[in-house]
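In: okay, sequence plus prediction incoming.
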Amino acid sequence: MIVVVLIAITVITTLPALGGVHIDLGAIARNWANGSERIAKLFHPDPSILPRTWKPLLETLEMAVVGAALSALLALPLSLWAARPSNPTRSRAGVRAVLNVVRAVPDLVYATILVAMVGVGALPGVITLVLFDLGIVVKLVSEAIDSADASYMEAGHAAGGTQTQINRLTALPQTWPVYASQVLYSLELNVRVSSILGLVGAGGLGRLIDEVRGFYRYGALSMIILEILVVVIAIEVASNYLRKRLR
Amino acid sequence: MGSGDHAPEGIPASGAWPIHLEDVIVRYPNGVVGLRGVSLSIAAGEMVSVVGLSGSGKSTMIRTINGLVPATSGTVRVGPYTVNELGGRRLRQVRGGIGMIFQGFNLADRASIYHNVLVGRFSHTPTWKTLLGVASHTDREIVMRALDSVGMLEKVWGRAGALSGGQKQRVAIARALSQEPEVMLADEPVASLDPPTAHSVMSDLKRVNTERGLTVLVNLHLMDLARQYTTRMIGLRAGEVVYDGPASSATDADFEAIYGRPIQSRDTLGQ
Ligand SMILES: Nc1ncnc2c1ncn2[C@@H]1O[C@H](COP(=O)(O)OP(=O)(O)O)[C@@H](O)[C@H]1O
Ligand SMILES: [Mg+2]
């Protein structure tokens, strides 16, 4: 049943008569020789680019860490604000609505707009990452609070506590492992995202990627991609290790 | 609990509060009626059990007393306060004088035992102080004494989640005691515990009544625990009081009238 629906959707959306997505198989065949040559170059990484990558790589990592740290600071109160047990008042809906909007805008759109506003460099990149991380961390953490057992809150109310007191003394430690784990996850994502933000001028490795691509240096491009891969895997291994220790 | 503040048995502590319910009706938002016109008076320093089948309204009644469930109509008076007229700061103040323990312990499992018991100090602490994470010297002292009085002092820095059921309920009692309350409410405090542990937790509650002189109201669904540990028993059936009298001399026939069915083996804990 699902398969039939999927096929139907695919067929309908690609029908030229309906102005759907154009998939021009002829063009793929015509450009094949051109593309395969580039792919072949991609399989021969060019290490001579490496010395030029250190500085932008460091900038990418700095943006990732600073972005994750700033968003972590903001995400903690916002998560408690956005979850029902820790905020039974109506303001919760407002926080959620704003965050839905923040999440709906693609990161490259933030980066493009911010580069226009504050200029080329790491700053628009960091702000983009903060917005990107907030959307993810607050959503996941507040949903975790929503679904966790909150019977301890009833005890806090029975003892005459305010919601703020209950959140600070008990909801915080209850939420801590989920929160820390999501912050680490956002750091992982940041390394990937910040390495392409440079494409629109928001600092980091992306600018170098854009440059070597412009000069058709596909060997150098694949070297940079390999480098990003290694860094991403290293960060993932480290953060997986930390996350296991949180439990 | 310090050795200096033992009150002689039977004499209520100067602070204990009486409880009066007058024609209390509780209708939940979904239309279910939890209490249908309950009136009763509990004197300061009494130890009273509330018995009844599951769904008879025991939890509703105990939650009406500290305002966790609002009374739809009628009057709820605890000590000098009319609970059903209060909200906000004043309601939190009354709650501060009413300790409560729960069947499921209701501890923050990932927080330390110390922080869980510190919850009992909320109503005596300004919110900004709690936010800054500074507890006064007096608060720490009170928390430590409360833990000591239930034999849980050595575990103070451990996680609440690592404790056994009986230990968790002792910590919950310490949390309620650190409020320095005038009334203690207990909603089926031993229903999740094995028989020996149930008896020792009931003894702890009994001591709260005899040594500190607090008014104690405890929901129980087991008849032998009600007979053994409380002096007065209130029977609830379908949200109405159907028995109010001495607990130790309540007959099996009295229990059958409360339950509305013959006695079964699961109505007693056994030894
Ligand atoms: N939050 C609630 N919303 C709606 N109905 C409830 C709620 N809590 C209890 N009830 C209903 O009120 C009645 C009394 O319940 P309760 O006071 O929990 O009884 P007991 O504690 O004796 O088992 C039951 O019919 C129950 O289903
Ligand atoms: Mg109940």
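Out: The structure has been received and is ready for your questions. Numbers count the residues shown, from 1 in each chain, chains lettered A, B, ... in the order given. Ligands and ions are numbered 1, 2, ... in the order given.

In: contacts only, for the residue nearest the centre of chain A.
Out: In chain A, the residue lying closest to the centroid (Cα atoms, centre = their mean) is residue A:189, at 4.5 Å. Contact analysis of residue A:189 by Cβ atoms under 8 Å, 6 or more residues apart in numbering or on different chains lists A:132, A:133, A:136. All C-beta atoms are positioned from the backbone trio N, CA, C, and that covers glycine.

In: so residue B:74 belongs to a helix, correct?
Out: No - according to DSSP: H, G, I helix; E, B strand; the rest coil, residue B:74 belongs to no helix; its state is strand.

In: residue ranges of each domain in the chain, please.
Out: Because you didn't say which chain, this covers chain A. What the record gives for chain A is the domain set A:2-42, A:47-246, from automatic domain parsing.

In: actually it's chain B I care about, not the one you picked
Out: B:17-97+B:181-261, B:108-180.

In: quick one: the first one near ligand 1?
Out: Spelled out, that is domain B:17-97+B:181-261. Yes - residues of domain B:17-97+B:181-261 contacting ligand 1 under Cβ under 6 Å from any ligand atom: B:28, B:30, B:32, B:34, B:52, B:54, B:55, B:56, B:57, B:58, B:59, B:60.

In: in helices, which of those residues appear?
Out: B:58, B:59, B:60 (DSSP state H).

In: of those residues - the most surrounded one?
Out: Compared across these, residue B:58 has the highest neighbour count, 26 neighbours, by other Cβ atoms under 10 Å in any protein chain shown.

In: surely that residue touches residue B:236?
Out: Yes - Residue B:58 lies in contact with residue B:236 (Cβ atoms under 8 Å); the separation is 5.8 Å.

In: between the two, what contacts are shared?
Out: By Cβ under 8 Å, 6+ apart, the residues touching both residue B:58 and residue B:236 are B:50, B:51, B:52.

In: just those residues now: which is nearest ligand 1?
Out: Nearest to ligand 1 among those is residue B:52, at 5.3 Å by Cβ to the nearest ligand atom.

In: and that closest one, what pLDDT?
Out: pLDDT recorded at residue B:52 is 90.

In: what about it, how many residues close to it?
Out: 25.

In: cool, residue A:58 as well?
Out: For residue A:58, using other Cβ under 10 Å, the count is 12.

In: which one of the shared contacts of residue B:58 and residue B:236 is nearest to residue B:89?
Out: residue B:50 (29.2 Å; Cβ to Cβ).

In: identify the bridge partners of that closest one.
Out: residue B:219, residue B:234 (DSSP bridges).

In: just to revisit the earlier point, need the least confident one among the domains of chain A, by mean pLDDT.
Out: domain A:2-42 (a mean of 72).

In: which strands or helices does the host helix or strand of residue B:175 pack on?
Out: Using DSSP states H and E, the element containing residue B:175 is helix B:165-177. Counting contacts by 3 or more Cβ pairs under 8 Å, 6 or more residues apart in numbering or on different chains; DSSP states H and E, helix B:165-177 is packed against strand B:98-101, helix B:113-118, helix B:137-149, helix B:195-212.

In: what's the angle between it and helix B:195-212?
Out: Relative orientation of helix B:165-177 versus helix B:195-212 (axes from the mean of the first three to the mean of the last three Cα atoms, to 10 degrees): 20 degrees.

In: following helix B:165-177, which helix or strand comes up?
Out: Following helix B:165-177 in sequence, per DSSP H and E, is strand B:183-187.

In: residues of stretch A:203-217 that come out buried?
Out: A:203, A:204, A:205, A:206, A:207, A:208, A:209, A:212, A:217 (16 or more other Cβ atoms under 10 Å in any protein chain shown).

In: picking that back up, with the residues of domain B:17-97+B:181-261 next to ligand 1 in mind, which one is nearest to chain A?
Out: Set against chain A, the nearest of those by Cβ to the nearest Cβ is residue B:59 (11.2 Å).

In: quick one: contacts for the closest one?
Out: B:187, B:188, B:219.

In: now those residues as a markdown table including neighbour count and distance to residue B:94?
Out: Listed next are those as a markdown table, based on neighbours: other Cβ atoms under 10 Å in any protein chain shown; distance: Cβ to Cβ, whole Å:
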| residue | neighbour count | distance to residue B:94 |
| --- | --- | --- |
| B:187 | 22 | 18 |
| B:188 | 20 | 23 |
| B:219 | 24 | 20 |
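
In: among those residues, find the lowest-pLDDT one for me.
Out: residue B:188 (91).

In: okay but that one is in contact with residue B:226, surely?
Out: No - with contact defined as Cβ under 8 Å, residue B:188 does not reach residue B:226; the gap is 11.8 Å.

In: what's around the residue nearest to residue A:148 when sequence neighbours are not counted, how many residues?
Out: Nearest non-adjacent residue to residue A:148, counting by Cβ to Cβ, 6 or more residues apart in numbering or on different chains: residue A:174, 6.6 Å away. Applying other Cβ under 10 Å, we find 24 other residues in the vicinity of residue A:174.
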